[in-house]
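> quick one: sequence and predicted model below, then my questions.
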Amino acid sequence: MATLPDVLSASLALGAARDMETEDRAAFTFLYEKHAPRIHRFLRDLLGDAALATDATQETFVRAYAHPEIVREVERAVPWLFGVARNVSLELRKARARRGRVFTEDDDDQARHAPCPRAQSPEGELLDREALSVVDGALATLSEDRRAMLLMALDHGLEYADIATLMGFSLAKVKVEIFRGREILRETLAAYERDAERASSRGGR
Amino acid sequence: MNGRLSMDDDSFERDLFRERAQRMELPALPSVDAVIARGETRRCVRAVSLLPGGSLKRVYRALATTVAPVAMLHAAAGLFVLVAWGSGVHGERVHTDAPPSERPPAISLSMSGEPEGDRGTCGPASFFGLTCEALPASMPVASHAAPGSCDAPLESIALVGSGGARLISAASVAGVGDAICGCGDFVTCADDRP
């Protein structure tokens, strides 16, 4: 038969476990509400499909839910989440390839980019949207690894060292890959600018 | 944008991505409660998958400790909950062998129509012929009296149940499968998504 101290101790342990559970849920909720939109953006950029990115975002956080010890430490959790998200995207790509579906970029660029609040005219707004589509296009030309590294560093502000750990590459390789990605991005944007200038000078004649 | 690209100064690209992020529409993501419910489901399914097969008592214990709480979680997240026993031998044993006192709390189901469903030909139509009984009144339940009469939006249904391949394949074909909880000695699922 259980003694009173046994019962008290069991009850205290149960209370502590419940407190811990509540804290874990609060930490998870905070992480989800603060970071789910950017994880979604990252996944949409990797997968090229907003709806699939929504599923992948949910999957990423479902996996995170199984690791309360990581979720509790936000600084550690954020880069880790990006690593999980990338794994989920790779799995989805493989599954999609098995089903024979062709990878397509979102064709709804107009809906993806909200109207620019600072645009001075409808033409300026259109050009801004076009430029953002050019960025999307340039990203799509990068290899999956390079794109993931570039986005983690420049869009999401992860440290190069964290990216190296997540990707399983050396720091030097990460730096070189991101640098090459930037070169391609700039070349694409420069070509777009040149084309736009040519078009405007033809229109001005 | 012109000039030699610096390895250390990536402020142009960072600004570009910041601006791009500001202009993107916020996605409509699932609520955190729905994500937690799915996380709990997966945790439970893993636990149940580890249970060795065997006695009916063990099956009941698994049902009572996993399926019922998972159903409650989904209900709390505002999803319809369709609770289903598996078809076939497992389902028959649950329905016919157990005295009421041994049935799992909060859940009791029966197949309606299509007796074949109990014999192992359970497809989407007979699957949706399942009816739910004796669930708590507070739980929103998608109840379908006639085979194939499911009219709730599929994405709003959380499917929670026990059983094996037929239940899961039926759900898969029907496009349901937000949460599937298998248990007992007929478990064929290792994850909560078919």
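Received the coordinates, thanks. Numbering: from 1, shown residues only, chains lettered A, B, ... in the order given.
> just confirm B:Leu29 is within a helix.
No - according to DSSP: H, G, I helix; E, B strand; the rest coil, the state of B:Leu29 is coil, so it is not within a helix.
> test my guess that it contacts A:Pro37.
Yes - the pair B:Leu29 and A:Pro37 qualifies as a contact (C-beta atoms under 8 Å) at a distance of 7.1 Å. (Each C-beta comes from the backbone N, C-alpha and C, glycine too.)
> okay, the two: which has more neighbours?
Higher neighbour count among B:Leu29 and A:Pro37: B:Leu29, with 19 against 16, using other C-beta atoms under 10 Å in any protein chain shown.
> count of neighbours near the closest residue to that one other than its chain neighbours?
Leaving aside its chain neighbours, B:Leu29 sits nearest to A:Ala36 (5.3 Å; criterion: C-beta to C-beta, 6 or more residues apart in numbering or on different chains). Neighbours of A:Ala36 under the rule other C-beta under 10 Å: 22.
> now do the SS call for A:Ala36.
Going by three-state DSSP: A:Ala36 is helix.
> next up, the contacts around it.
Residues in contact with A:Ala36 (C-beta atoms under 8 Å, 6 or more residues apart in numbering or on different chains) are A:57, A:61, B:29.
> same check, this time on A:His156
By C-beta under 8 Å, 6+ apart, the neighbours of A:His156 are A:38, A:42, A:82.
> number of nearby residues for A:Arg146?
If you count neighbours by other C-beta under 10 Å, A:Arg146 ends up with 18.
> A:Ala199 too?
Using other C-beta under 10 Å, A:Ala199 is surrounded by 10 other residues.
> which element is it on?
Element membership for A:Ala199 (DSSP states H and E) is helix A:171-204.
> what parts of chain B come near chain A?
B:1-2, B:5, B:7, B:10, B:12-14, B:16-17, B:20-21, B:23-30, B:32, B:34-36, B:38-40, B:42-43 (C-beta under 8 Å from any C-beta of the partner chain).
> of those, grab the buried ones for ChimeraX.
Buried members of the residues of chain B next to chain A, defined by 16 or more other C-beta atoms under 10 Å in any protein chain shown, are picked up in ChimeraX with:
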select /B:5,10,12,13,16,17,20,23,24,27,29,30,32,34,35,36,38,39,40,42,43
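> state the mean pLDDT of stretch A:168-180.
Averaging pLDDT along stretch A:168-180 gives 94.
> hmm, who's touching it?
Contacts for stretch A:168-180 (C-beta under 8 Å, 6+ apart): A:145-146, A:149-150, A:153-154, A:160-161, A:163-164, A:167, B:5, B:7, B:10.
> going by contacts, tell me the helices and strands next to the helix or strand hosting A:Arg146.
Following DSSP H and E, the helix or strand that holds A:Arg146 is helix A:144-150. Judged by 3 or more C-beta pairs under 8 Å, 6 or more residues apart in numbering or on different chains; DSSP states H and E, helix A:144-150 is in contact with helix A:4-47, helix A:74-98, helix A:122-141, helix A:160-167, helix A:171-204.
> any idea how far it is from the middle of the chain?
Centroid separation for helix A:144-150 versus its chain: 11 Å, with C-alpha atoms, centre = their mean, to the nearest Å.
> buried stuff in that helix?
Going by neighbour count (16+ other C-beta under 10 Å), the buried part of helix A:144-150 is A:146-150.
> identify the residues contacting stretch A:62-76?
A:23-24, A:27-28, A:30-31, A:77, A:80-81, A:84, A:88, B:35-36, B:38-40, B:42-43.
> my bad, should have said stretch A:142-150
Stretch A:142-150 has contacts (C-beta under 8 Å, 6+ apart) with A:45-46, A:86, A:90, A:93, A:139-140, A:163, A:167, A:174, A:177-178, A:180-182, A:184-185.
> now with 6 Å?
With contacts defined as C-beta atoms under 6 Å, 6 or more residues apart in numbering or on different chains, stretch A:142-150 is touched by A:86, A:139, A:163, A:174, A:177-178, A:181.
> could you export these as CSV, including neighbour count?
Below are the contacts of stretch A:142-150 laid out as CSV (neighbours: other C-beta atoms under 10 Å in any protein chain shown):
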residue, neighbour count
A:Arg86, 23
A:Leu139, 23
A:Ile163, 25
A:Val174, 24
A:Glu177, 22
A:Ile178, 22
A:Gly181, 25
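> model confidence for the closest residue to chain A within chain B, exactly?
Residue nearest to chain A within chain B: B:Gly39 (3.0 Å; C-beta to the nearest C-beta). B:Gly39 carries a pLDDT value of 77.
> what is the burial count for the residue lying closest to it once chain neighbours are set aside?
Of all residues beyond its chain neighbours, the one nearest B:Gly39 is A:Tyr65 (3.0 Å), with distances taken as C-beta to C-beta, 6+ apart. Look at A:Tyr65: counted by other C-beta under 10 Å, it has 22 neighbours.
> on the three-state scheme, B:Ser6 is what?
Assignment for B:Ser6 (three-state DSSP): coil.
> where does pLDDT dip in the chain?
Defaulting to chain A. Within chain A, the stretches with pLDDT under 70 are A:1-20, A:98-128, A:203-205.
> that's the wrong chain, I meant chain B
For chain B, the ranges with pLDDT under 70 are B:1-4, B:41-194.
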